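1. With the input below, show me the fold.
(one chain, ligands or ions: 1)
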Amino acid sequence: MKICNACGKPRQGGIWIGTAMLCFCCAGDYLLRDVPEDLMAATNHKALDEGVSARELVLKALHTYLA
Ligand SMILES: [Zn+2]
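-> Model prediction:
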């Protein structure tokens, strides 16, 4: 059985980060952990302004950045 290296739970799918295999749940946590407080606050405000969730806003920003 495949186990997530972060939470130790059995996982289906997931991604590699370095040498660790993480479930999608922990991977999301890992990718957006330790966001500076002011940046997170700005993100939340902007998300409120636009009527979307912070997650949607971040994904949209990534999309724009990577386009
Ligand atoms: Zn996990």
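2. Return the residues in contact with residue 44.
-> Residues in contact with residue 44 (C-beta atoms under 8 Å, 6 or more residues apart in numbering) are residue 54. For the C-beta atoms, the positions are set from N, CA and C on the backbone; glycine is no exception.
3. Centre of the chain to the helix or strand hosting it, how far?
-> In the assignment (DSSP states H and E), residue 44 maps to helix 37-50. Distance, stretch centre to chain centre, for helix 37-50: 15 Å (C-alpha atoms, centre = their mean, to the nearest Å).
4. in it, what's buried?
-> Neighbour counts using 16 or more other C-beta atoms under 10 Å place 43, 47 of helix 37-50 among the buried residues.
5. taking the mean pLDDT, what do you get for that helix?
-> The pLDDT scores in helix 37-50 average 86.
6. One more: stretch 9-21?
-> Rounded mean pLDDT across stretch 9-21 is 81.
7. give me phi/psi at residue 58?
-> The phi/psi pair for residue 58 (degrees, to the nearest 10) reads phi -60, psi -40.
8. Identify the residues contacting the closest residue to it other than its chain neighbours.
-> Closest residue in space to residue 58, ignoring its immediate chain neighbours: residue 43 at 6.6 Å, by C-beta to C-beta, 6 or more residues apart in numbering. Neighbouring residues of residue 43 by C-beta under 8 Å, 6+ apart: 35, 54, 57-58.
9. Save the residues you listed as a markdown table, and put in distance to residue 7 and neighbour count too.
-> Converted to a markdown table, the contacts of residue 43 look like this (distance: C-beta to C-beta, whole Å; neighbours: other C-beta atoms under 10 Å):
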| residue | distance to residue 7 | neighbour count |
| --- | --- | --- |
| 35 | 20 | 13 |
| 54 | 22 | 16 |
| 57 | 26 | 18 |
| 58 | 22 | 17 |
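10. re the thing from before, the residue nearest to residue 58 and the ion, how far apart?
-> 24 Å (C-beta to the ion, to the nearest Å).
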